[in-house]
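*Asks:* This is a predicted model, with the sequence first.
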Amino acid sequence: MVTFAATKIERLTGELWKAAGIGVKIRLILEFEESSGGQLSYDALRAFPAALVHASEIYQWPVEKRERNQAGRPGKLHAKVAIVDDTALVSSANLTDDAFTRNFEVGLLVKNTEFLTTVKGYFDSLIAAGTLSRLHGER
């Protein structure tokens, strides 16, 4: 699962915790306040309970690996993707209460093996290249 922002997602984290409890691998690629250069005021990781964080692979895009715009602000980890089994959700929605209940968002459910393989491979390659780095434990 990849997201820029996350907050007030108790129902989702409850389902993720259940999945982790039966051995499902949970990988979260998240944005952090510090590495967003002031563009985010809340670490996405804070939306996830500590037990779930410890049971998951957590990745970030370090600020020193990002290009900057003319104002000096770093690029954003702005993708929103969730892959579960043979289905991907690509969406404009962050993992927030506003996105789930009030915002005008759009998403696409994809059940295409080639697409899933490509998206998984893309994120795996970012990890292998060191563009995304793994965090150990809580931030």
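*Replies:* Alright, I've got the coordinates.
*Asks:* what pLDDT, on average, does the helix ranked longest in the chain get?
*Replies:* Looking across the chain with DSSP state H, the single longest helix is helix 113-128. The pLDDT scores in helix 113-128 average 96.
*Asks:* So what pairs up with the residue nearest to Lys25 when sequence neighbours are not counted in the strands?
*Replies:* Counting by Cβ to Cβ, 6 or more residues apart in numbering, Lys25 lies nearest to Glu57, which is 7.2 Å off, once chain neighbours are set aside. The way it works is simple: take the backbone N, C-alpha and C, and place the C-beta from them, glycine included. Beta bridges link Glu57 to Arg27 when assigned by DSSP bridges.
*Asks:* circling back to that earlier point, buried stuff in the next helix or strand after the longest helix of the chain?
*Replies:* Sequence-wise, the next helix or strand downstream of helix 113-128 (DSSP states H and E) is strand 133-135. Burial within strand 133-135, assessed by neighbour count using 16 or more other Cβ atoms under 10 Å, is assigned to Leu135.
*Asks:* Which strands and helices lie in contact with strand 133-135?
*Replies:* strand 57-60 (3 or more Cβ pairs under 8 Å, 6 or more residues apart in numbering; DSSP states H and E).
*Asks:* outside of the helix or strand that the strand it packs on is followed by, which residues touch it?
*Replies:* Using DSSP H and E, the next helix or strand after strand 57-60 towards the C-terminus is strand 81-84. With contacts defined as Cβ atoms under 8 Å, 6 or more residues apart in numbering, strand 81-84 is touched by 1-2, 88-91, 116, 119-120.
*Asks:* So which bits of strand 81-84 are buried?
*Replies:* The neighbour-count check on strand 81-84 (16+ other Cβ under 10 Å) flags 81-83 as buried.
*Asks:* same question, stretch 88-104
*Replies:* For stretch 88-104, by 16+ other Cβ under 10 Å, it's 88, 90-91, 93-96, 99.
*Asks:* now it, how far from the chain's geometric center?
*Replies:* In terms of Cα atoms, centre = their mean, to the nearest Å, the centre of stretch 88-104 is found 13 Å from the chain centre.
*Asks:* Got phi/psi on the residue nearest to the spatial centre of the chain?
*Replies:* With distances taken as Cα atoms, centre = their mean, Val2 lies nearest the centre of the chain, 2.3 Å away. In terms of degrees, to the nearest 10, the main-chain angles of Val2 are phi -130, psi 130.
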